[in-house]
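Asker: One predicted model, sequence on top.
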2 protein chains.
Amino acid sequence: MTEQPAPTTTAGDPATARGEQTRQLIRDTAMRLFRERGYAQTTMRAIAQEAGVAVGNAYYYFGSKDHLIQEFYAQSQVEHRAAAQPVLDREAAFGPRFAGVLHAGIDVLTPSHGFAATFFKTAAEPTSPLSPFSAESSGPRQAAIDLFGEVLTGSTATVDAELRPQLPELLWLAYMGVILYWVHDRSPGQTKTRQLIDGAVPLVDRLVALSRLRVLRPVTRQVLDLIRTLRH
Amino acid sequence: MTEQPAPTTTAGDPATARGEQTRQLIRDTAMRLFRERGYAQTTMRAIAQEAGVAVGNAYYYFGSKDHLIQEFYAQSQVEHRAAAQPVLDREAAFGPRFAGVLHAGIDVLTPSHGFAATFFKTAAEPTSPLSPFSAESSGPRQAAIDLFGEVLTGSTATVDAELRPQLPELLWLAYMGVILYWVHDRSPGQTKTRQLIDGAVPLVDRLVALSRLRVLRPVTRQVLDLIRTLRH
DNA sequence: GTCGGTAGTTGAACACGTTCAAGAAGGGGC
DNA sequence: GCCCCTTCTTGAACGTGTTCAACTACCGAC
């Protein structure tokens, strides 16, 4: 239903399409206003006016106000990947790698905590294309999962063979949990989220290591079976 | 800001206030329309018209359309408590008690899966008074936590002394997780949520039992310290 | 019975997200 | 130059949630 030009999210090509400039103008204006006033307080009329275009023009490029959020996601994901690179280069052990990537994610989001929190509700709606589990956001999601795959591939940790293929997605899921906590985190500077990361990662680390133990094999199996059943 | 008469959520008193009838009429009409058409498709004008009152009148009793959701929560909580009673009477072991109460919760919500899912997003917004973590919903929340307290008090399970006081809230948190999964569950009849409950409860059961083990004492401590740190 | 005040009720009006028919701009084919 | 088609742009109009000044119904006090 909602017509849209080919998604040119990935930078690089020199704005061939005629409207690409307008698209970026509207997107940047929206991001700025979201940061300045918050999501709810930013009206589509205000975005259009500040960008110097008509309201309908914004809807030509973005199907809805919510779709502007998706733009924010994609942007954040790219920044997250970049911020994680130094960690992946530096650390070799699983724990520090995982913690570093989680911290990098929060680092990227921190400046937007005020307004990001208010619109993460849209992501929580299952029917919304903005849900991190939806088909529409499978691109950014897969990129994020791949990032946690890199946390593993580059690490010195030895992981249970059966658990291994599931683990990147599980780590991503843990990251989603961290974000959920972060969104609700009212502590100054969201320090508690940092404590959550630093406290939980060693536990995950130990758990992953334990999964290889002979005695715990049945439990590991049980957990993996459950996960496989529950995946869509 | 939003003026409201004293909340008479608890039934029993014979509608002393003049407007109590109107209040219930509007609430029941809203619940019916939500079920029939879904939350987004039900307009405040439609609710008012079906109830035979003016639009503004609905706002006299309920601060916003979202506040009607809170009414749904409260109602569901009461039904959940009632549906859990047979389980609490029947079962003695922790596992079956916990599983039974979780299933009872899903039983109560199942008829509303279609529309309940769409508005759980409102609950996910941290700033919203509808968030299950908010001060405004501390009443229903505490009632729910108490229900999981009863799961423990009546059970034959012996729990680590340090873990014990935290456990009801943790079980409630697990219930929130189940609901989060249920909301996204697209399987027919939400059978996967049932599998989640049946698969996860034995694991929780085992985990709780293990927490008392000498060898695992340091880990239990670590987890409990983390939880205590993260609580608000 | 009348007065005064509270509780309850009304519907027009507002700002918002969104739609859409109409038009403008651009660019290739001849 | 002219035509045609796609791409882009416009702003009025619609339906929504919400507000609010005005009005009515009730009830106790005298």
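Answerer: Right, received. Where do you want to start?

Asker: hmm, the longest helix anywhere in chain A touching DNA strand D?
Answerer: The residue-count maximum for a helix in chain A (DSSP state H) belongs to helix A:65-90. No: taking Cβ under 7 Å from any atom of the strand as the criterion, helix A:65-90 and DNA strand D are apart, separated by no less than 11.8 Å. C-beta: built from backbone N, CA, C; applies to glycine.

Asker: Check which helices and strands that helix sits against.
Answerer: The contact analysis (3 or more Cβ pairs under 8 Å, 6 or more residues apart in numbering or on different chains; DSSP states H and E) places helix A:65-90 against helix A:20-37, helix A:94-109, helix A:113-124, helix A:138-153.

Asker: repeat that with 6 Å
Answerer: helix A:94-109, helix A:138-153 (3 or more Cβ pairs under 6 Å, 6 or more residues apart in numbering or on different chains; DSSP states H and E).

Asker: Can you give me every residue that contacts the spatially most central residue of chain A?
Answerer: The residue lying closest to the centre of chain A (Cα atoms, centre = their mean) is residue A:77, at 5.5 Å. Taking Cβ atoms under 6 Å, 6 or more residues apart in numbering or on different chains, we find residue A:77 in contact with A:140, A:143.

Asker: Do I have it right that residue A:80 meets residue A:108?
Answerer: Yes: with contact defined as Cβ atoms under 6 Å, residue A:80 reaches residue A:108; the gap is 5.0 Å.

Asker: measure residue A:53 to DNA strand D for me?
Answerer: Distance of residue A:53 to DNA strand D, computed by Cβ to the nearest atom of the strand, to the nearest Å: 4 Å.

Asker: Would you mind stating the distance between that residue and chain B?
Answerer: Separation of residue A:53 from chain B (Cβ to the nearest Cβ, to the nearest Å) stands at 28 Å.

Asker: outside of stretch A:97-113, which residues touch it?
Answerer: A:76, A:79-80, A:83-84, A:87, A:91, A:116, A:151, A:155, A:178, A:193, A:197, A:201.

Asker: Stretch A:170-186 too?
Answerer: Identification of contacts with stretch A:170-186 by Cβ under 6 Å, 6+ apart yields A:102, A:117, A:120, A:144, A:145, A:148, A:190, A:192, A:193, A:196, B:126.

Asker: just the residues you listed now: which is nearest residue B:218?
Answerer: Nearest to residue B:218 among the contacts of stretch A:170-186 is residue A:196, at 19.3 Å by Cβ to Cβ.

Asker: State the pLDDT value of that closest one.
Answerer: Looking at residue A:196, its pLDDT reads 98.

Asker: Who are the contact partners of it?
Answerer: Applying Cβ under 6 Å, 6+ apart to residue A:196 gives the contacts A:181, B:230.

Asker: and residue A:86, how many residues sit next to it?
Answerer: Look at residue A:86: counted by other Cβ atoms under 10 Å in any protein chain shown, it has 11 neighbours.

Asker: next one: residue A:23
Answerer: Neighbours of residue A:23 (other Cβ under 10 Å): 20.

Asker: now do residue A:111
Answerer: Using other Cβ under 10 Å, residue A:111 is surrounded by 10 other residues.

Asker: The helix or strand bottoming out on mean pLDDT in chain A near DNA strand C anywhere?
Answerer: Between all helices and strands in chain A, the lowest mean by mean pLDDT, DSSP states H and E belongs to helix A:113-124, at a mean of 76. No: using Cβ under 7 Å from any atom of the strand, helix A:113-124 never reaches DNA strand C; the gap is at least 10.1 Å.

Asker: buried ones in that helix?
Answerer: For helix A:113-124, burial by neighbour count (16 or more other Cβ atoms under 10 Å in any protein chain shown) applies to A:115, A:116, A:117, A:118, A:119, A:120, A:121, A:122, A:123, A:124.

Asker: Now tabulate these in a markdown table and tack on distance to chain B.
Answerer: Below are these laid out as a markdown table (distance: Cβ to the nearest Cβ, whole Å):
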| residue | distance to chain B |
| --- | --- |
| A:115 | 11 |
| A:116 | 10 |
| A:117 | 5 |
| A:118 | 6 |
| A:119 | 8 |
| A:120 | 7 |
| A:121 | 4 |
| A:122 | 7 |
| A:123 | 8 |
| A:124 | 4 |
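
Asker: a markdown table please, covering those residues and showing distance to residue B:43.
Answerer: Putting the buried residues of helix A:113-124 into a markdown table (distance: Cβ to Cβ, whole Å) gives the following:
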| residue | distance to residue B:43 |
| --- | --- |
| A:115 | 28 |
| A:116 | 30 |
| A:117 | 28 |
| A:118 | 24 |
| A:119 | 23 |
| A:120 | 26 |
| A:121 | 21 |
| A:122 | 20 |
| A:123 | 25 |
| A:124 | 23 |
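
Asker: In chain A, where is pLDDT below threshold?
Answerer: Residue ranges of chain A with pLDDT under 70: A:1-17, A:119.

Asker: if you set the cut-off to 90 instead, what comes out?
Answerer: For chain A, the stretches flagged by pLDDT under 90 are A:1-21, A:69-75, A:114-141, A:154, A:157-158, A:180, A:184, A:210-217, A:231-232.

Asker: Near DNA strand C, which residues of it are found?
Answerer: Listed as neighbours of DNA strand C in chain A under the rule Cβ under 7 Å from any atom of the strand: A:2, A:18, A:42-45, A:55-56, A:59, A:63-66.

Asker: Going by distance to residue A:165, which of those wins?
Answerer: Among the residues of chain A next to DNA strand C, residue A:66 lies closest to residue A:165 (Cβ to Cβ), at 33.2 Å.

Asker: Just give me the neighbour total for the closest one.
Answerer: The tally of other residues near residue A:66 (other Cβ under 10 Å) stands at 16.

Asker: from what I can see it touches residue A:121, true?
Answerer: No: Residue A:66 is not in contact with residue A:121 according to Cβ under 6 Å; the separation is 10.6 Å.

Asker: wait, isn't residue A:156 in contact with residue A:92?
Answerer: Yes: assessed by Cβ under 6 Å, residue A:156 is found in contact with residue A:92 at 5.2 Å.

Asker: just to revisit the earlier point, so which of the contacts of stretch A:170-186 reach DNA strand D?
Answerer: Contacts with DNA strand D within those, counted by Cβ under 7 Å from any atom of the strand: none were found.

Asker: Thank you, goodbye.
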